[in-house]
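**Q** Starting from these lines, generate the structure:
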Amino acid sequence: MSDRTHLFEAVRAALTMFNIPDDLIRPDATLEELDMDSLALAEFILILQERTGVKVEAEDATKATTLTEIVAYLQARQTETVATP
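**A** Residues are numbered from 1 along each chain as shown. The predicted model follows:
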């Protein structure tokens with residue numbers, strides 16, 4: 001399983017904790033389309049950090065962010081963490 005696939009599965013698992021139907025969790029879906037309010041978004045960020053070990057800056061995840069963008073962000077941050085001694 002690729003890093004990108006693994007990260008998308010982490011995102012999917014985090015979103016299912018908010019009772020979002022699986023068929024709505026698509027790569028092009030935005031957090032707004034998934035009805036993530038600001039409190040849910042903050043919780044989602046914390047869950048992602050716990051599941052991936054990647055620090056997510058709150059200002060980098062907005063309601064307009066797509067799931068593909070979140071996965072790309074997580075992947076980039078993982079690469080930065082590995083590259084930084």
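**Q** roughly how far apart are E50 and D23?
**A** 25 Å (Cβ to Cβ, to the nearest Å). C-beta: built from backbone N, CA, C; applies to glycine.
**Q** same thing with M17?
**A** For M17 relative to D23 (Cβ to Cβ), the value is 17 Å.
**Q** helices or strands next to the helix or strand bottoming out on mean pLDDT in the chain in the packing?
**A** Of all helical and strand segments in the chain, the minimum by mean pLDDT, DSSP states H and E falls on helix 67-83, at a mean of 85. Counting contacts by 3 or more Cβ pairs under 8 Å, 6 or more residues apart in numbering; DSSP states H and E, helix 67-83 is packed against helix 3-16, helix 38-52.
**Q** hey, C-alpha coordinates of it in CSV?
**A** Provided in CSV are the C-alpha atoms of helix 67-83 (Å, rounded to 0.1, in the frame of the first residue of the first chain):
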residue,chain,number,x,y,z
LEU,A,67,-9.5,15.3,0.8
THR,A,68,-6.8,15.0,-1.9
GLU,A,69,-5.3,18.2,-0.7
ILE,A,70,-5.3,16.9,2.9
VAL,A,71,-3.5,13.7,1.8
ALA,A,72,-0.9,15.7,-0.2
TYR,A,73,-0.4,18.0,2.8
LEU,A,74,0.1,15.0,5.2
GLN,A,75,2.5,13.4,2.7
ALA,A,76,4.6,16.6,2.3
ARG,A,77,4.7,17.1,6.1
GLN,A,78,5.8,13.5,6.6
THR,A,79,8.6,14.0,4.0
GLU,A,80,9.7,17.2,5.8
THR,A,81,9.8,15.4,9.2
VAL,A,82,11.9,12.6,7.8
ALA,A,83,14.2,15.0,6.0
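**Q** what's near enough to touch L74?
**A** Residues near L74 by Cβ atoms under 8 Å, 6 or more residues apart in numbering: 7, 10-11, 48, 52, 54, 56.
**Q** which of the residues you listed lies closest to I70?
**A** V11 (5.7 Å; Cβ to Cβ).
**Q** Settle it for me: which of E50 and D23 has more neighbours?
**A** Taking neighbours as other Cβ atoms under 10 Å, E50 and D23 compare with E50 leading, 11 against 6.
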